[in-house]
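[1] using only what follows, build the 3D model:
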Amino acid sequence: MTGEEKAIKAAESEPGHEQPPPDNPSELIRSLANLFFNRETLTIGAAILLSIAIVWVSIEIAERFKSYREFLTHRLANSFEPPFVLPSGSEVAFWPAAVVLILGLFLIAFFLYSVSAIWQIRSLRNEKKYFIREKDRFETSYHDAARDRDRLSGANTQLVSEKNSIKEMLEKEREVVQATLSARNVRLERTLNGTIRAASLIQSQLFPAVANGAGKTFELVKFTYFVDRNFDVKVHRQYRIRAGKTPIHFWQNSIGVSPSAGAVETFADVNFRIRSLTPGKELVYLPTRNEPLRKAACVFFLPRIEPGESRDLEASYSWPKMALQIKEKGWEDYSVRLSNTENLESYCMEFYLEVGTNGSLMCNQSGALLPNMILEQTVSNNGWQGWRYSATNVPPEILGQGISLRVSWIPA
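    Predicted coordinates for the structure are as follows:
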């Protein structure tokens, strides 16, 4: 039995608490005993008995002094008139009147006290009944809430079980899908590598170097490197190619990075793009080399470049951590090697560093000395600080050896 139930049982066992009609004689006798022998009934009975006793005592006093009626009449007639003396000058004895007056006042006070006590007891009983009703209502609400809680707890347990089942099912499906995708990726990679090797073989067999673009010349070459705060690099390459004695059907363009750069799997991972800048002339490319740090593409000109004709094109890509060696090692050489028949009319290489990289770049010539060479600091269109390395009329011998520029890191 809980403490609350004990308190309710004790409250119900107190005198004056109204009980439902009994079902057997023993309970009837107990109910009648509780009705007549409670504190309220005993208080009223005691008040009645005390009142009767006071009346009886008053009657006895009156009877005892009946034989002295004349004496009392004479005494009481003048007892309330000062100076309470007889004509002869002696004091009048007024104690009987005082006794009667005191007993009357006591009787009135006791009656008022009894009425007040009865009123308070009734108020307390009503409050007790109200408390019992509220307690019953609270217990009903509590039990309802407990039932709802148990029902919701069961539903929550069921939901958790279903969630775990769904999670296990999804995990199994994910494993199956991953296994399927892995197998498919392996097949696609094999197919792609086979296609790349086939394209390389077709290029070398159908268009030998002697027959394809013999005597071609690069008239303009410009490389621009944008190094951001993470040392990822976005590269733009611009070329102008002029055909020599024979048409140019295709041209191979290669890109590579240092081991410090991030390895990539496909051309799409570096967002490789190549486009024609000559109106009305198109081009397409096929990958011919696909290694983590090396890529190469065979560019097909549509239509071909006829002898004496020039074609402008641009290649671009973004390689993650391409310039990381500059920060880790402190420097890195960037080189360009071309096969040219005539002098390269215009050559330019630019490096720019994003603002707020906590350092700066320094560029120095590290390869062969170029004619009309200019190495100067400059600012890009987006406000990045950098360097421009340019030259004109570069001989084919120097282009064959390679043009090199050393880029160094200067911490802030």
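
[2] ok, and Leu399, which helix or strand is that part of?
    Using DSSP states H and E, Leu399 maps to helix 396-401.

[3] mean confidence score for that helix?
    Averaged over helix 396-401, pLDDT sits at 91.

[4] quick one: buried residues of that helix?
    Pro396, Ile398, Leu399 (16 or more other CB atoms under 10 Å). Bear in mind the C-beta positions are built from the backbone N, C-alpha and C, glycine included.

[5] for it, which helices and strands make contact with it?
    Under the contact definition 3 or more CB pairs under 8 Å, 6 or more residues apart in numbering; DSSP states H and E, helix 396-401 sits against no other helix or strand.

[6] which stretches of this structure form strands?
    Counting by DSSP state E, the chain has strands at residues 217-227, 233-242, 248-256, 273-276, 282-290, 294-305, 310-319, 331-336, 344-353, 359-365, 374-379, 385-394, 403-411.

[7] who wins for proximity to Ser182 among these?
    The minimum distance between Ser182 and these falls on strand 282-290, with 18.9 Å, by CB to CB.

[8] now the angle between strand 248-256 and that closest one, please.
    50 degrees (axes from the mean of the first three to the mean of the last three CA atoms, to 10 degrees).

[9] and strand 282-290, which residues are buried?
    Buried-residue list, strand 282-290, by 16+ other CB under 10 Å: Leu283, Tyr285, Leu286, Pro287, Thr288, Arg289, Asn290.

[10] how far is that strand from where the chain is centred?
    Counting by CA atoms, centre = their mean, to the nearest Å, strand 282-290 is centred 46 Å from the centre of its parent chain.

[11] so what does that strand touch, helix or strand wise?
    Using 3+ CB pairs under 8 Å, 6+ apart as the test, strand 282-290 ends up in contact with helix 95-206, strand 248-256, strand 273-276, strand 294-305.

[12] mind running it again at 10 Å?
    helix 95-206, strand 248-256, strand 273-276, strand 294-305, strand 310-319 (3 or more CB pairs under 10 Å, 6 or more residues apart in numbering; DSSP states H and E).

[13] only alpha carbons, please: show the shortest one as CSV.
    Pointing back at strand 273-276 there. C-alpha atoms of strand 273-276 as CSV (Å, rounded to 0.1, in the frame of the first residue of the first chain):
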residue,chain,number,x,y,z
ARG,A,273,38.1,21.4,-71.4
ILE,A,274,39.4,22.3,-74.8
ARG,A,275,37.7,24.5,-77.4
SER,A,276,38.4,26.3,-80.7
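
[14] coming back round to it: the strands of the chain into a markdown table, with extra columns for distance to Glu139?
    Shown next, in a markdown table, are the strands of the chain (distance: least, CB to CB, whole Å):
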| stretch | distance to Glu139 |
| --- | --- |
| strand 217-227 | 76 |
| strand 233-242 | 75 |
| strand 248-256 | 82 |
| strand 273-276 | 78 |
| strand 282-290 | 78 |
| strand 294-305 | 80 |
| strand 310-319 | 73 |
| strand 331-336 | 82 |
| strand 344-353 | 77 |
| strand 359-365 | 76 |
| strand 374-379 | 83 |
| strand 385-394 | 80 |
| strand 403-411 | 77 |
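
[15] can you list phi and psi of Thr266 for me?
    With angles defined as degrees, to the nearest 10, Thr266 sits at phi -130, psi 170.

[16] need the pLDDT of the closest residue to it other than its chain neighbours.
    Computed as CB to CB, 6 or more residues apart in numbering, the closest residue to Thr266 that is not its neighbour in sequence is Asn290, at 6.7 Å. Looking at Asn290, its pLDDT is 88.

[17] and what of the one 10 residues further on?
    Phe300 is assigned 91 on the pLDDT scale.

[18] just to revisit the earlier point, between the strands of the chain, which gets nearest to Arg151?
    strand 310-319 (58.7 Å).

[19] in its sheet, what does the closest one sit against?
    Partners of strand 310-319 in the sheet, by DSSP bridges, are strand 233-242 (antiparallel), strand 273-276 (antiparallel).

[20] so for Cys363, which of those strands sits nearest?
    Going by CB to CB, the one of the strands paired with strand 310-319 nearest Cys363 is strand 233-242, 14.7 Å.

[21] chain center to that closest one, what's the gap?
    The answer for strand 233-242 is 46 Å, by CA atoms, centre = their mean.

[22] understood, closing this out.
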